[in-house]
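> Quick one: sequence and predicted model below, then my questions.
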Amino acid sequence: MDTAVFRLDGVTKRYGELVALDNATLEAGANEYISFLGPSGSGKTTLLRVIAGFEAPEAGRVHFQGRDITNVPAHERGIGFVFQNFALFPHLSVIQNVGFGLTHGKSGLTPAQVEQRALEMIELVGLSGMEGRGVDQISGGQRQRVALARTLTMQPKLVLLDEPLGALDANLRGRMRNELRAIRERLGVTFVHVTGSETEALAMGDRVVVLDRGRIIQIGAPGQVYDHPASPDVAHYLNRFNLFDGKLNAGIFTGAFGAVPVPAAVKGDRDVYAVRYDRMQAVPVGTATAGPSLRATFIASEYLGSAVMNFFDAGDGHVIEMEHHLSLGAPQEFEPRQDYLLTWNPEQAIVFGREVR
Amino acid sequence: MSSTPSIQKRQSNTTRWLLAPGIIWMCLFLVLPILMIVYVSFWTQTTFNISSDPTLASWKQFFSSDTYTGALWTTVRIWLIVLTTTFIVGYPTALFVGLFIKSKTLSTILLVVCVIPFWTSFLIRVLAWRPMLGKEGAINIVLMKVGIIQQPIEVLLFTELSVIIGMTQIYCVFMVGPIAFMLGRIDRNIIEAARDLGASFGRIFWKIIFPLSLPGVIVGAIFVSVMVLGEFATSGALSGRKVNLLGNIIVTQVGSLKWAMASVVGVILTVVMGIVIAGFLRIVDLKREL
């Protein structure tokens, strides 16, 4: 029994010379929240558009509910798509937008039934009482809900969201994050959410799919991706690690901070030593340190409410970030342009190496 | 304390100075002449003279003469036909230029191509239709050479048809421009969203694309209407004086120094245009759409 809602088999998509998707293989179960994380140009939106049917892949198959839909046009797939800028019909009211698919598609419902379904969906996304408004008379967050409701009235088994929170301000983004998850749980359908924000991907996904240059480079639960990035690139996109280039040889990593014994390393395409921002410590120059240490100049700090980010310059323009959670006590005070020793527990570092088998 | 009123006063002074040139110009050269035309339409016209004694004679003459009322109906008929033909020819063109062509550069180039005929003078554009449509014109020669017809089609030139063909060609671009502009502003994602929701192309066109382009259609229709209603040159050159529009009547009346009758026709034409523009503006709230 095939329990996957959708499955991609070696999907490849090119735009001329540019390979937008390279042999992407992925499987998603029912009732799952999946986030695609990657920088712009990584192919995450292309992948979404291939699943939706707006783009045809050059190679590979797309399966949906046990059926090969590679050559099925977008509107016959039964997959909902929420556009980045919402793409609402500007001349229609909220209820006309939400009911559009039922009214003008092949639903076969009477106008009264369409209205009832649309009203139910408007209530579900929390817009009751606004159904008569024009879509230019509501706020950005409300427009986001209309776009979602418009897709959900078609009762898709899979909803694709293209950077759905990108057009909202930070405050609203946090609230819509919870809303989206709650709505998805109530309906029990699979959501695929594309985002360039690592916090969004980690916070929302049951599983995170990390993309880079058209390739899927890691699939896993948020905690797993966060604690065990599969490659230096993943660690880089998570934006939580200081990465040091160097050389891994016979269990010894040699980098800017000297030679450090490495008990365990992860196979990677290059030798990189990664230390999480919140695992770094700074001590005055001259202090004896248990672990490896690196001399760096303090540049500036940023107050984030629950934490303080400190930025250090390791000399070659390489900025090292150190996060201090305020729950762990008052932050250290650093003198600008003063040198400090940055140190960490080597057991908490993640090392990638070519020589690992 | 005293600064607030003085700023307001200065601002209202600035406003007055900015508005003054426009208002003076419009009063001198638009409002006054129109009032003058209305006034002159009630003057007494004799064969060789005109006096300012008020009379309704010219108005009565206009509405009792078949020639004049006929010209009014011909004007309205030609206007409606040309409006329809420019829309029928112009909308698909605009749809192609504004929506189907993905590259903004290419669609701009195509719009410029539409305007190229306007680099020649109006009269040349009109008169160029004569060797095209005439009894021994290009169309007849080609059709006869190909063997589709044995006798030249005479209805092509010096008829209402030739006037309509000429006007459609000349005014079509004024329909294409505004519509293509509105279509170009439609977010492509909206169309993709409608398709994803299962709407057929026909539904998408009638429920999404056409309503969103309607302000362009209205602006185009106003352009075409204003120009066609006041037309006299195309009908003069291509109908062989058989098609008389209100514009032609004004030209001949002024030519024979019948100022009172020319004024009557002028007033009627202005009223018709006013009604037409007001009617179009009622369909779409342009303030909101543009």
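Thanks, I have the structure now. Numbering: from 1, shown residues only, chains lettered A, B, ... in the order given.
> got the domain boundaries for chain B?
Annotated domains of chain B cover B:1-40, B:58-289 [automatic domain parsing].
> show me the contacts for residue 161.
Defaulting to chain A. Contacts for residue A:161 (C-beta atoms under 8 Å, 6 or more residues apart in numbering or on different chains) come out as A:82, A:148, A:180, A:191-194. Quick note: C-beta positions are derived from backbone N, CA and C, even for glycine.
> My question was about chain B, not that one.
residue B:155.
> measure it to residue B:140 for me?
According to C-beta to C-beta, to the nearest Å, residue B:161 and residue B:140 sit 14 Å apart.
> now swap in residue B:79 and tell me
Counting by C-beta to C-beta, the gap from residue B:79 to residue B:140 is 28 Å.
> surely residue B:168 meets residue B:84?
No - with contact defined as C-beta atoms under 8 Å, residue B:168 does not count as touching residue B:84 (9.3 Å).
> returning to that earlier point: in strands only, show me the contacts of residue A:161.
A:82, A:191-194 (DSSP state E).
> Between residue B:79 and residue B:140, point out the one with more neighbours.
residue B:79 (23 against 20; other C-beta atoms under 10 Å in any protein chain shown).
> Can I get stretch B:279-288 as CSV, trimmed to CA atoms?
Provided in CSV are the C-alpha atoms of stretch B:279-288 (Å, rounded to 0.1, in the frame of the first residue of the first chain):
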residue,chain,number,x,y,z
GLY,B,279,-22.4,57.4,-20.6
PHE,B,280,-19.0,55.7,-20.9
LEU,B,281,-17.8,57.2,-17.6
ARG,B,282,-20.8,55.7,-15.8
ILE,B,283,-19.8,52.2,-16.8
VAL,B,284,-16.5,52.3,-15.0
ASP,B,285,-15.2,54.3,-12.2
LEU,B,286,-11.9,55.4,-13.9
LYS,B,287,-10.7,57.2,-10.8
ARG,B,288,-10.6,53.9,-8.9
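> now check it, is it near chain A?
No - shown here: stretch B:279-288 not in contact with chain A (C-beta under 8 Å from any C-beta of the partner chain), separated by at least 9.1 Å.
> So for residue B:197, what's the pLDDT?
On pLDDT, residue B:197 comes in at 89.
> State the phi and psi torsions of it.
phi -80, psi 0 (degrees, to the nearest 10).
> Sketch out the low-pLDDT regions of the chain for me.
All of this refers to chain A. A:1-3, A:356-357 (pLDDT under 70).
> I was after chain B.
Checking chain B against pLDDT under 70 turns up B:1-5, B:288-290.
> Now do the contacts for residue 158.
Picked chain A for this. Listed by C-beta under 8 Å, 6+ apart, the contact partners of residue A:158 are A:5-6, A:28, A:51, A:64, A:78-80, A:189-192.
> Chain B was what I was after
Residues in contact with residue B:158 (C-beta under 8 Å, 6+ apart) are B:238-240, B:242.
> show me where the stretch 101-250 of chain B has helices.
B:104-115, B:122-127, B:129-133, B:138-146, B:160-184, B:188-196, B:201-204, B:210-229, B:233-238, B:246-255 (DSSP state H, counting those that start in this stretch).
> Could I get the buried residue list for the second one?
It stands for helix B:122-127. B:125-127 (16 or more other C-beta atoms under 10 Å in any protein chain shown).
> residues contacting the residue lying farthest from the centre of chain A?
The C-alpha centroid of chain A is most remote from residue A:286, which lies 41.2 Å away (C-alpha atoms, centre = their mean). The contact partners of residue A:286, taken as C-beta under 8 Å, 6+ apart, are residue A:341.
> Shouldn't it be within a strand?
No - assessed with DSSP: H, G, I helix; E, B strand; the rest coil, residue A:286 is coil; it does not lie in a strand.
> I'd like to know how far it sits from chain B.
Distance, residue A:286 to chain B, by C-beta to the nearest C-beta, to the nearest Å: 60 Å.
> Stretch A:43-62 and chain B, any residue contact?
Yes - judged by C-beta under 8 Å from any C-beta, stretch A:43-62 comes into contact with chain B at A:52, A:54.
> Any idea how far that stretch is from the middle of the chain?
Offset of stretch A:43-62 from its chain centre (C-alpha atoms, centre = their mean, to the nearest Å): 18 Å.
> Same check on stretch B:190-209?
For stretch B:190-209, the distance to the chain centre is 32 Å (C-alpha atoms, centre = their mean).
> and it, how far apart are its ends?
Using C-alpha to C-alpha, to the nearest Å, one end of stretch B:190-209 lies 9 Å from the other.
> Pull out the buried positions in it.
B:190-199, B:203-205, B:207-209.
> circling back: among the contacts of residue A:161, which two are most distant?
The distance between the two most remote of those (C-beta to C-beta) is 14.5 Å, for A:148 and A:194.
> so residue A:355 sits right up against residue A:247, yeah?
No - with contacts counted by C-beta under 8 Å, residue A:355 stays clear of residue A:247, the gap being 9.7 Å.
> Pull up the overlap in contacts between the two.
Contacts common to residue A:355 and residue A:247, judged by C-beta under 8 Å, 6+ apart, are absent.
> now the end-to-end length of stretch B:42-51.
Stretch B:42-51: ends 10 Å apart by C-alpha to C-alpha.
> Residue A:51: which element?
Using DSSP states H and E, residue A:51 sits in helix A:44-52.
> Alpha carbons only: can I get stretch A:299-307 in PDB?
Below are the C-alpha coordinates for stretch A:299-307, written out as PDB (Å, rounded to 0.1, in the frame of the first residue of the first chain):
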ATOM      1  CA  ILE A 299      33.000  44.400  16.200                       C
ATOM      2  CA  ALA A 300      29.500  45.000  17.500                       C
ATOM      3  CA  SER A 301      26.600  43.400  19.300                       C
ATOM      4  CA  GLU A 302      22.900  43.200  18.500                       C
ATOM      5  CA  TYR A 303      20.200  42.900  21.100                       C
ATOM      6  CA  LEU A 304      17.500  40.500  20.100                       C
ATOM      7  CA  GLY A 305      15.200  40.500  23.200                       C
ATOM      8  CA  SER A 306      15.900  37.000  24.300                       C
ATOM      9  CA  ALA A 307      19.500  36.800  23.300                       C
END
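> So which bits of it are buried?
Buried-residue list, stretch A:299-307, by 16+ other C-beta under 10 Å: A:301, A:307.
> Would you mind pulling the contact partners of that stretch?
So stretch A:299-307 is contacted by A:278, A:308-313, A:319, A:323-327, A:331, A:334, A:336 (C-beta under 8 Å, 6+ apart).
> What is the nearest of those to chain B?
Nearest to chain B, judged by C-beta to the nearest C-beta, of the contacts of stretch A:299-307 is residue A:309 at 36.3 Å.
> I'd like to know how many residues surround the residue in the stretch 201-350 of chain A positioned nearest to chain B.
When scored by C-beta to the nearest C-beta, the stretch 201-350 of chain A has residue A:211 as its residue closest to chain B, at 21.6 Å. When counting by other C-beta under 10 Å, one arrives at 27 neighbours for residue A:211.
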